[in-house]
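J.: Sequence and computational prediction follow.
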Amino acid sequence: MSVKIRLSRKGTKKRPFHHIVVANSRNARDGSFIEKVGTYNPMLPREDEKRVTLVVDRIKYWLSQGAQPSDRVARFLSEAGITDKYVVNTKQTKKPMPKAKAQERAKALAEKQAAAEEAKRQAEEAAKAEFEAKEEPAPATEETPAA
């Protein structure tokens, strides 16, 4: 039996409230659970101490028994100092791109667009010059009448 520490949604429509529960991973999100070990109220401001409440000794017990926290619960445990640090399961979620790498990609894209615009402008100038060359009449040469 695989045991998870995860959120179980309670509350009403547009007023979420979550219980942090220890449950069999095969059970439904809001289904049966083994033990309630905390609460999470996302409607409260981040600074409020009642936003996340945890029963620390029970959480430590379940972690020692091999329970795996969900990503969100792992973040809560990390912020509370129960686990070392928050580690994302990279197989399920994407990590955000580092800011420096994002800036490099944006700069490269801007350079590529500028080069494309310059090439387009040069092609238009060449086509215009070619068109004007065809329209110009040949210089008139005086013909001398044959005697």
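T.: Alright, I've got the coordinates.
J.: ok, which stretches of this structure are helices?
T.: Ranges of helices within the chain are 56-64, 71-80, 99-135, based on DSSP state H.
J.: Tell me which of these lies nearest to E49.
T.: E49 sits nearest to helix 71-80 of all those, at 11.1 Å, using CB to CB. The C-beta positions use only the backbone N, C-alpha and C, and glycine is treated the same way.
J.: How far away from the center of its chain is the closest one?
T.: 19 Å (CA atoms, centre = their mean, to the nearest Å).
J.: With stretch 35-43 instead?
T.: For stretch 35-43, the distance to the chain centre is 25 Å (CA atoms, centre = their mean).
J.: Next, the buried residues of stretch 18-31.
T.: 18-23 (16 or more other CB atoms under 10 Å).
J.: okay, those in TSV with pLDDT next?
T.: Putting the buried residues of stretch 18-31 into TSV (pLDDT from 0 to 100) gives the following:
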residue	pLDDT
H18	95
H19	96
I20	96
V21	96
V22	96
A23	95
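J.: residues in contact with K4?
T.: By CB atoms under 8 Å, 6 or more residues apart in numbering, the contact list for K4 reads 22-25, 67-70.
J.: Between the buried residues of stretch 18-31, which sits nearest E79?
T.: Out of these, the member with the shortest distance to E79 (by CB to CB) is I20, at 13.0 Å.
J.: That closest one and F33 touch, don't they?
T.: No: assessed by CB atoms under 8 Å, I20 is found out of contact with F33, at 9.8 Å.
J.: Report the set of residues contacting both of those two.
T.: S8.
J.: looking at the chain, which helix or strand does the model trust least?
T.: Lowest by mean pLDDT, DSSP states H and E among the helices and strands of the chain is helix 99-135, with a mean of 86.
J.: Now that helix: buried residues?
T.: Result for helix 99-135 [16+ other CB under 10 Å]: no buried residues.
J.: With D57 as the reference, measure out to K36.
T.: As for K36, its distance to D57 is 14 Å (criterion: CB to CB, to the nearest Å).
J.: Looking at the two, which is more packed in?
T.: K36 (14 against 8; other CB atoms under 10 Å).
J.: bridging residues for the more buried one?
T.: On the basis of DSSP bridges, K36 is bridged to V21.
J.: contacting residues around it?
T.: Here K36 is in contact with 19-21 (CB under 8 Å, 6+ apart).
J.: Before I go, just wanted to say thanks for your time.
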